[in-house]
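Chemist: I would like the atomic coordinates for the input below:
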Amino acid sequence: MKKSDKIYIAGHNGLLVLLKITLFDKENLVLSFQANIFVIILCKFLNLKIISRSNSSSLGWSNNFFKQSIFKIFFKKADKIIVNSYEFKKEMDKKYKINCICILNPFNFSEIKKKSNYKINSIFQKKNIKLISVGRVTDQKDFITILKALNIVKKSNVELVIIGKGEKEIEIKRYIELNNLNKKVRLLGYKKNPFPYIKQADLFLLSSKFEGLPNVLIEALCLKKFIISTDCPTGPKEILHHGRFGELVKIGDYKKIAKLIDNFKKTKIVKNKIKDGYKSLKKYNYKTNCEKYYQLIKNYL
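Modeler: Have a look, this model is predicted:
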């Protein structure tokens, strides 16, 4: 890449800015995140090169025939589509008849460990089995499934902390109240640095209906936490190596989650899963995956 080369990254509100810039300068490459179809359409109209990146399974944003038809047409118009997991690539290639490139999310694991050492007050009772879940409180993340599991867990010394904010907070709070879970569940809201909280937990829970490559699972592995995750499309199965590095359950299977919590002990098998999961993190190396982005961009300039 030369110093004179220009790259514009189109965000959620960047269409007008992009149009203004590109009307006066056509020698650009546009890198669009979130599979923004409108950016692809604009770039093709203006005869610009466009690399589009998608970060979550199409089951979450392409669930009707009309939408799928639109995406099928315009994904093929992009110069390249990037996805963030190999499982996701298979889904996209098959569904939209394209050849995506997979670049895994880059992680600075030294920074995660450093941030996890920030001092905070203890958020759990000492003798409890400590559960944590982190994410936007939305339908996609399906925190209700975790609460349903907690509602039937037989052990009394179990405590859950949920970190995140979103439109489902009222529903979550109502469920907690109606099922007398106030003493077992705490909602801490959004935390800019969730890592010291994750560090205090024994178990990390993910109950999503769909993902792309859920960063929180990789961060939990980095902090050597045992993981119970739904086997949703896409990412968890790939990250946890089909259950080798944690436990996978069907979407919405709160009974299985409850059973796994009840049976949880830090046995040799559990410790080995945590250790093997930690060793698997090399493929998410920050420099390696950023270099892949750099080389792809360079090839299209």
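Chemist: make it CA atoms for all contacts and neighbour counts henceforth
Modeler: OK.
Chemist: Only alpha carbons, please: show the helix or strand that residue 258 is a member of as CSV.
Modeler: Residue 258 is part of helix 254-262 when elements are defined by DSSP states H and E. This file holds the C-alpha atoms of helix 254-262, laid out as CSV (Å, rounded to 0.1, in the frame of the first residue of the first chain):
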residue,chain,number,x,y,z
TYR,A,254,-32.3,-24.9,30.0
LYS,A,255,-32.7,-28.4,31.6
LYS,A,256,-29.3,-29.5,30.2
ILE,A,257,-27.7,-26.3,31.4
ALA,A,258,-29.2,-26.8,34.9
LYS,A,259,-27.9,-30.4,34.9
LEU,A,260,-24.4,-29.3,33.9
ILE,A,261,-24.4,-26.7,36.7
ASP,A,262,-25.6,-29.2,39.3
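Chemist: Now the element after it, going C-ward?
Modeler: Reading on from helix 254-262 to the C-terminus, the next helix or strand found by DSSP H and E is helix 268-279.
Chemist: Contacts made by that next one with the rest, please.
Modeler: With contact meaning CA atoms under 8 Å, 6 or more residues apart in numbering, helix 268-279 is reached by 221-222, 224-226, 240, 244-246.
Chemist: how distant is it from the center of its chain?
Modeler: Relative to the mean C-alpha coordinate of its chain, helix 268-279 is positioned 21 Å out (CA atoms, centre = their mean, to the nearest Å).
Chemist: Test for you: state the pLDDT assigned to residue 46.
Modeler: As predicted, residue 46 sits at a pLDDT of 82.
Chemist: who's in contact with the residue most central in space within the chain?
Modeler: The residue lying closest to the centre of the chain (CA atoms, centre = their mean) is residue 214, at 2.3 Å. Listed by CA under 8 Å, 6+ apart, the contact set of residue 214 reads 235-236.
Chemist: try the one 4 residues further on
Modeler: Residues in contact with residue 218 (CA under 8 Å, 6+ apart) are 239, 281.
Chemist: Apply 10 Å and report the result again.
Modeler: 105, 107, 109, 224-225, 236, 239-240, 277-278, 280-281, 284 (CA atoms under 10 Å, 6 or more residues apart in numbering).
Chemist: Fine, thanks again, bye for now.
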